[in-house]
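In: Quick one, structure for this:
(chains A and B)
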Protein chains: 2
Amino acid sequence: MVVGGDAAGMSAASQARRFKGPDELEIVAFERGHFGSYSACGIPYWVGGQVGERAELIARTPAEHRERAIDLRTRTEVTEIDLAGGRVLSRDLESGAEEWTGYDKLVLATGARPVRPPVPGIDAPGVYGVQTLDDGQALLDGLSAVGGGGRAVVVGAGYIGVEMAEALLNRGFAVTVLNRGEQPMSTLDPDMGRLVHTAMDGLGIVTVNGAGVTGVRTGADGRAVAVATRDAEYPADVVVLGTGVEPETGLARAAGLPLGVYGGLLTDLSMRVRGREEIWAGGDCVEVLDLVSGRERHVPLGTHANKHGQVIGANVGGGYGTFPGVVGTAVSKVCDLEIARTGLRERDAAEVGLRYVTVTIESTSRAGYYPSAAPMTVKMLAERRTGRLLGVQIVGREGAAKRVDVAAVALTAGMTVEAMTALDLGYAPPFSPVWDPVLVAARKAVSAVRAAG
Amino acid sequence: MVVGGDAAGMSAASQARRFKGPDELEIVAFERGHFGSYSACGIPYWVGGQVGERAELIARTPAEHRERAIDLRTRTEVTEIDLAGGRVLSRDLESGAEEWTGYDKLVLATGARPVRPPVPGIDAPGVYGVQTLDDGQALLDGLSAVGGGGRAVVVGAGYIGVEMAEALLNRGFAVTVLNRGEQPMSTLDPDMGRLVHTAMDGLGIVTVNGAGVTGVRTGADGRAVAVATRDAEYPADVVVLGTGVEPETGLARAAGLPLGVYGGLLTDLSMRVRGREEIWAGGDCVEVLDLVSGRERHVPLGTHANKHGQVIGANVGGGYGTFPGVVGTAVSKVCDLEIARTGLRERDAAEVGLRYVTVTIESTSRAGYYPSAAPMTVKMLAERRTGRLLGVQIVGREGAAKRVDVAAVALTAGMTVEAMTALDLGYAPPFSPVWDPVLVAARKAVSAVRAAG
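Out: Next up, the predicted model:
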């Protein structure tokens, strides 16, 4: 039995089905939304118009799952887990009918929910989350009602916030991003976030830092009309919550399952919920091991959810798989600005007691003399003394973001920055300067480690 | 004293100068061409017109070197090394004057020379190599003399051949590539080379496989007018040698220095010529250790030459550096087709006694639903039993080539394909499908390793 019918849950179901046929394993999946198996990460591009049809985001329909003997029940919400009884209570959201269903093996893939700042008006009509396809559809309907030329306020300047800023800009809205923090993209260090801020300015996106939302003002019809901070009020035809997400683990918490400091389920390496032989969990509702810091973190990303699903499905189906952890890689873009990070930020390193050096270099995506060589800034953190790579952040244009993958693999392998300087990366003038930007950063980091002693 | 004033030689000189000032270390460099410190890899793009000016390819002029107390003497060819006497004989190519100059430490960076098939007419006017800036200038002059609409025959279908095919196409020439082998790009396995062939067909480049050149026919004025193979004769206004290069080690051979099976100088990890305390060598004139096969190979690439130069310069200057070896990464393009490889091909693996499995997958550069998601084919080799990654080849469009870097780092770290499936690579719809193509290949390779037993 699977609770939650998106990436992790349905990957698990599909993978388990590959191992065991319908005679050996019955698979039921509950999903409270209208859709299952879709790309939530694609929603900003659907809202922004690059993806034309909602259907393009759906990897597999309920009917397609049923053809493979996976009984995906949409619009059906699980409201309680009875661990002792090995059963869940579900409610048909159309009819209201409730029923208990027993399980032998349970997969929790309940995902995440947008963080809604606890301020007046935040639940008003006209305030949109963008976590599910249903959310995305509601927002698109809202945008259509306003028409082009409206004013949009995005609350939050993390990945979702900046991606939604681009989407709303593409839809012809004037966009203001309200950012509680010092700089946008708090998943980067502030010095790198500042580069994002400058680029967003250049795109005509107004970003206000230090702008914690104090309330949403509503009009006579009860709809949101403005967002207030301590210092100002921002008129808004639509308000989009880009404030990040938190694990949707209310059910798990009520059932007494083990949760971490971020509220996510805690699992072992096989994605089994700790202490529970018959329950697995994966996707945005779990915490994962950060291999660089050795700490559990909440990293809601579709790519992890899919990996979790594969691992869970193999284990549930009688095979074997593990998810060793993450190094914290993330890439994003705002229009033609590319943003990437992996490993630890300065504050992460300090928090776990690591002493480090940082270097920042400017380079280009292609040989400097090659047409359309685009600038990029690479920041690198390395441990003092050992010179072990701790993290990389990149802000640039075309060709910048995916360079972070080199650092992600190096982090996984525990490489030193000295070892990285000898990496045999692909070089030809259309693809890289003769020293790839990541290598330029590594060379400078070697010097910094030596100088720091 | 440096012999050869391009990437390896002048990087060594510059790096040594950083360690030791003019009072401590005198630096003289001999270069037989008109230029030093230029990007030979950029020549195809200069010939093709993407790079407008020759000067853009020159990283540092002789005058700029002299400002840093590096005495770069261009148009000065070293004709003999007297190891016992610790001196070299050089000849001023303008005046013809010869002189002996003594050295305490010698850096050999004599580069590579195009392989000229030993057939009649191959040295005729109208047959061009593209190894040096002087070569590139001669070719450009030749193209101008013909004007647009001419016919070009490229001999060889390796990196240089396909890059020159693009360049000549860009200059308005009808291009025929004569390839001795089974498929173009013999640095790939033939099944992947076939994809390149198909794409070149689509670009209007005629590629003839199994077409070993038997002669170059010359006209009444002695210039090349056609290239003959066993089966046909191909009329040509210009003939370009894209047949690859071999180490330029005539001087070293005459001096009795140790050469490998490919004719390249053999060095230790500090880039010291084996058995010689006072001589270093780097760049296209040396053989390097292939970390995957454990064999020495000849890998003439600017990126290695630059690394060699840094290492040599540090060691000559009293610092410390090593070059551990390569994994055989190379990227290239023909118009919008991207080609990449790292590690071993099937024949390389077989040659060193490795048993392997191969898998080939199709994927896309971005999420399938994202605009301009481009197809790519990824082939992966893994060792039987251990599942260790042995090699990756990629042919695709935008965003394909640099993905090979992930495999290059994984090869360096000795990762298994199983470990690779858990790699935390950057994911967002504009940058990758939820499973990066490299991970899709790794997953399939895991199954293949298991199935092969």
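
In: Please tell me how far the residue nearest to residue A:179 when sequence neighbours are not counted sits from chain B.
Out: Once flanking residues are discounted, residue A:179 sits nearest to residue A:157: 3.7 Å by CB to CB, 6 or more residues apart in numbering or on different chains. Placement of C-beta: from N, CA and C, glycine included. Per CB to the nearest CB, to the nearest Å, residue A:157 is found 16 Å from chain B.

In: where's residue A:157, which helix or strand?
Out: Using DSSP states H and E, residue A:157 is not contained in any helix or strand.

In: what do you get for residue A:64?
Out: Per DSSP H and E: helix A:62-67 holds residue A:64.

In: ditto for residue A:23
Out: Per DSSP H and E, residue A:23 falls between elements, in no helix or strand.

In: and if you look at residue A:367?
Out: Using DSSP H and E, no helix or strand contains residue A:367.

In: quick revisit: count residues in the vicinity of the residue nearest to residue A:179, would you?
Out: 31 (other CB atoms under 10 Å in any protein chain shown).

In: how close does the closest residue to residue A:370 other than its chain neighbours sit to residue A:371?
Out: In space, residue A:370 comes closest to residue A:429 once its chain neighbours are excluded; the distance is 4.6 Å by CB to CB, 6+ apart. In this view, residue A:429 and residue A:371 are 10 Å apart by CB to CB, to the nearest Å.

In: now residue A:310
Out: For residue A:310 relative to residue A:371 (CB to CB), the value is 41 Å.

In: go on, residue A:160?
Out: Distance from residue A:160 to residue A:371, by CB to CB: 34 Å.

In: Between the two, which has more neighbouring residues?
Out: Legend: neighbour count by other CB under 10 Å for residue A:160 and residue A:371, higher for residue A:160 (25 against 13).

In: which residues sit in contact with the more buried one?
Out: Contacts for residue A:160 (CB atoms under 8 Å, 6 or more residues apart in numbering or on different chains) come out as A:44, A:114, A:130, A:242-245.

In: Closest approach to chain B from the stretch 1-150 of chain A, which residue is it?
Out: residue A:56 (4.0 Å; CB to the nearest CB).

In: what's the pLDDT at that residue?
Out: Listed pLDDT for residue A:56 reads 95.

In: Roughly how far does the closest residue to it other than its chain neighbours sit from residue A:55?
Out: In this structure, residue A:56 finds its nearest non-sequential neighbour in residue B:369, 4.0 Å apart by CB to CB, 6+ apart. With the distance defined as CB to CB, residue B:369 ends up 9 Å from residue A:55.

In: Give me the more crowded residue out of the two.
Out: residue B:369 (22 against 11).

In: Distance check, the more buried one against residue A:14.
Out: For residue B:369 relative to residue A:14 (CB to CB), the value is 19 Å.

In: returning to what we had before: give the contact list for the residue nearest to residue A:179.
Out: Residue A:157 neighbours (CB under 8 Å, 6+ apart): A:177-179, A:181, A:184-186, A:207, A:242.

In: cool, and residue A:14?
Out: Residue A:14 neighbours (CB under 8 Å, 6+ apart): A:60, A:65, A:68, A:70, A:309, A:313.

In: and with 10 Å instead?
Out: A:27, A:37, A:59-60, A:65, A:68, A:70, A:309-310, A:313 (CB atoms under 10 Å, 6 or more residues apart in numbering or on different chains).

In: now do residue A:299
Out: A:187, A:262, A:264, A:284, A:286-288, A:290, A:305, A:325-330, B:424.

In: quick revisit: could you give the backbone dihedrals for the residue nearest to residue A:370?
Out: phi -50, psi -40 (degrees, to the nearest 10).

In: Please report how far it lies from residue B:167.
Out: Distance from residue A:429 to residue B:167, by CB to CB: 12 Å.

In: what do residue A:429 and residue A:371 both touch?
Out: Joint contacts of residue A:429 and residue A:371 (CB under 10 Å, 6+ apart) are B:45, B:50-51.

In: Of the contacts of residue A:299 - the most surrounded one?
Out: Neighbour max across the contacts of residue A:299 (other CB under 10 Å) = residue A:286, 32 neighbours.

In: Who does that one form a beta bridge with?
Out: Per DSSP bridges, the residues bridged to residue A:286 are residue A:265.

In: got it, and residue A:80?
Out: Beta-bridge partners of residue A:80, as defined by DSSP bridges: residue A:89.

In: Now do the contacts for it.
Out: A:87-91, A:98, A:100, A:251, A:254-255.

In: Counting neighbours, which bits of whichever strand or helix holds residue A:418 end up buried?
Out: For residue A:418, the host element (DSSP H and E) is helix A:417-420. Neighbour-count burial for helix A:417-420, with 16 or more other CB atoms under 10 Å in any protein chain shown as criterion, is recorded at A:417-420.

In: can you narrow those to ones near chain B?
Out: A:418-420 (CB under 10 Å from any CB of the partner chain).

In: How is chain A partitioned into domains?
Out: A:2-113+A:246-316, A:116-243, A:330-452 (automatic domain parsing).

In: Could you dump those domains into CSV with distance to residue B:142 added?
Out: Shown next, in CSV, are the domains of chain A (distance: least, CB to CB, whole Å):
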stretch, distance to residue B:142
domain A:2-113+A:246-316, 46
domain A:116-243, 45
domain A:330-452, 22
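
In: and those domains, which is most packed in?
Out: domain A:330-452 (a mean of 22; mean count of other CB atoms under 10 Å in any protein chain shown).

In: Tell me where the model's unsure across chain A.
Out: Within chain A, not a single segment meets pLDDT under 70.

In: Tell me how far residue A:230 lies from residue A:210.
Out: 9 Å.

In: for residue A:52, same thing?
Out: Residue A:52 is 38 Å from residue A:210, by CB to CB.

In: contacting residues for the spatially most central residue of chain A?
Out: What sits nearest the mean C-alpha location of chain A, by CA atoms, centre = their mean, is residue A:301, with 3.6 Å. Counting by CB under 10 Å, 6+ apart, residue A:301 touches A:7, A:40-41, A:159, A:283-284, A:288, A:307, A:326, A:328-330, B:424, B:426-428, B:434.

In: Now it. Its backbone dihedrals?
Out: Per degrees, to the nearest 10, the backbone of residue A:301 is at phi -140, psi 140.

In: Check the one 5 residues further on too.
Out: Note on residue A:306: backbone dihedrals following degrees, to the nearest 10 are phi -70, psi -40.

In: interface residues of the stretch 151-300 of chain A facing chain B?
Out: A:159, A:163, A:166, A:288, A:290-291, A:299.

In: okay, how far is it across stretch A:223-238, tip to tip?
Out: End-to-end span of stretch A:223-238 (CA to CA, to the nearest Å): 9 Å.

In: Check which helix or strand residue A:240 maps to.
Out: Short version: residue A:240 belongs to strand A:238-241, going by DSSP H and E.

In: That strand packs against which elements?
Out: strand A:127-128, helix A:133-146, strand A:151-155, helix A:159-170, strand A:174-178, strand A:213-218, strand A:224-229 (3 or more CB pairs under 10 Å, 6 or more residues apart in numbering or on different chains; DSSP states H and E).

In: switch the cut-off to 6 Å
Out: strand A:151-155 (3 or more CB pairs under 6 Å, 6 or more residues apart in numbering or on different chains; DSSP states H and E).

In: which other helices and strands contact the strand it packs on?
Out: For strand A:151-155, the packing partners by 3+ CB pairs under 6 Å, 6+ apart are helix A:159-170, strand A:174-178, strand A:238-241.

In: Other residues contacting that strand?
Out: Residues outside strand A:151-155 that contact it (CB atoms under 6 Å, 6 or more residues apart in numbering or on different chains) are A:161, A:164-165, A:168, A:173-178, A:213, A:227, A:234-243.

In: can you give me the offset of it from its chain's centre?
Out: 20 Å (CA atoms, centre = their mean, to the nearest Å).

In: So in that sheet, which strands flank that strand, and in what orientation?
Out: strand A:174-178 (parallel), strand A:238-241 (parallel).

In: Please list all residues in contact with residue A:193.
Out: Counted by CB under 6 Å, 6+ apart, residue A:193 has contacts A:183-185.
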